[in-house]
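Q: I'd like to go over a predicted model; first the sequence, then the structure.
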Amino acid sequence: MIDLHVHSNKSDGTFSPAQLVQYALQKGLSAFALTDHDTVDGLSEAMQAAQGLPLSVIPGIEFSTAYEDKDIHILGLFIDWRAPAFSSALERFVASRIQRNERMCAKLREYGGIDISYDALLEAFPGAVITRAHYAKYLLSHGYVKDTAEAFSRYIGAHAPCYVPREKVTPTQAVKLILQANGVPVLAHPPLYRLSDAKLDALVRELRENGLAGIEAVYSTYTAGEETHMRSLARQYGLLMTGGSDFHGSNKPDIDLGSGRGGLNVPDSFLTSLNDFLARRA
């Protein structure tokens, strides 16, 4: 059993990288990819924790990108996360994210009279890349909202008064960055973007022309029809198939590692094909 889409508390998951390794063993996985959002901070810890164990940790990342007012995610699998150009780009992303967080905190103070600062968020969630999920938890724990849904609707959702958009790369830029790090770029969970078939086809074609190597064909929330469509797209464009749960721990309590909502099965053959692809490219 494998899982090629997993998050730790270095982004918006709740398991530490080392805890993920132990949980993966408990679940009977032979390999998983740690694909935190826009960060590789958990990779060293996870890979060290897996040393000597019958479990492979695949170094990965999930980039958030912007395409026609949609938030499109690009997975990078088997990345060389220490490559200088890759590290420099991530440093720029971190700087942009910090600026955005400081502006959002200022808006929450000014609009909502909320006692919040970026430093307070870092203290509340040590070691994490701060996302809006962390804001929601902070507001809930400090009594400003009755649940996290209210935090988004009232304060930090995309159309709420305290929302600040984050500077994002394009999907093509993310693909090229992953290729620079010798990784395998994969279009994550396309059905979630609610693009028309024509627009999704155009996106996949454009990304394929710029080096996209795979598509997430198996995913926790896919219907049978969606999985069939993704597999068809992969065959049409000569793309590798990948699959994953998108496990976030208690932040997505209905999604379990390796098994998703209970019926997820990512074939080992997906990993074999990825390794064959990397061997041919080398």
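A: That came through, no problem. Numbering: from 1, shown residues only.

Q: top strand in the protein by residue count?
A: Longest strand in the chain, counting residues (DSSP state E): strand 56-67.

Q: Please provide the alpha-carbon coordinates for the helix or strand just after it, formatted as PDB.
A: Downstream of strand 56-67, the next assigned helix or strand under DSSP states H and E is strand 70-77. The C-alpha trace of strand 70-77 is given here as PDB (Å, rounded to 0.1, in the frame of the first residue of the first chain):
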ATOM      1  CA  LYS A  70      -8.700  29.100  -9.700                       C
ATOM      2  CA  ASP A  71      -6.300  27.700  -7.100                       C
ATOM      3  CA  ILE A  72      -4.500  24.900  -8.900                       C
ATOM      4  CA  HIS A  73      -2.200  22.600  -7.000                       C
ATOM      5  CA  ILE A  74       0.900  21.000  -8.500                       C
ATOM      6  CA  LEU A  75       2.600  18.100  -6.800                       C
ATOM      7  CA  GLY A  76       6.400  17.600  -7.000                       C
ATOM      8  CA  LEU A  77       7.500  14.000  -6.300                       C
END
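
Q: Please identify the pairing partners of strand 70-77 and their relative orientation?
A: With DSSP bridges as the test, strand 70-77 is paired with strand 56-67 (antiparallel), strand 184-187 (antiparallel).

Q: Between those, which one is closest to L25.
A: Ranking the strands paired with strand 70-77 by distance to L25, with C-beta to C-beta as the measure, places strand 56-67 first at 11.3 Å. For every residue, glycine as well, the C-beta is placed using N, CA and C.

Q: Could I get the average pLDDT for the closest one?
A: Strand 56-67 comes out with an average pLDDT of 93.

Q: how about the strands paired with strand 70-77 in a markdown table, adding mean neighbour count and distance to G211?
A: Shown next, in a markdown table, are these (neighbours: other C-beta atoms under 10 Å; distance: least, C-beta to C-beta, whole Å):
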| stretch | mean neighbour count | distance to G211 |
| --- | --- | --- |
| strand 56-67 | 21 | 14 |
| strand 184-187 | 28 | 6 |
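
Q: Would you mind writing the CA trace of the longest strand of the chain as PDB?
A: What follows is strand 56-67, C-alpha atoms only, in PDB (Å, rounded to 0.1, in the frame of the first residue of the first chain):
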ATOM      1  CA  SER A  56      10.200   4.700   1.900                       C
ATOM      2  CA  VAL A  57       9.500   8.400   2.300                       C
ATOM      3  CA  ILE A  58       9.300  10.100  -1.100                       C
ATOM      4  CA  PRO A  59      10.400  13.800  -0.900                       C
ATOM      5  CA  GLY A  60       7.700  16.000  -2.300                       C
ATOM      6  CA  ILE A  61       5.900  19.300  -2.200                       C
ATOM      7  CA  GLU A  62       2.500  20.700  -3.200                       C
ATOM      8  CA  PHE A  63       2.600  24.100  -4.800                       C
ATOM      9  CA  SER A  64      -0.500  26.400  -4.700                       C
ATOM     10  CA  THR A  65      -0.700  28.200  -8.100                       C
ATOM     11  CA  ALA A  66      -3.100  30.600  -9.800                       C
ATOM     12  CA  TYR A  67      -4.900  29.900 -13.100                       C
END
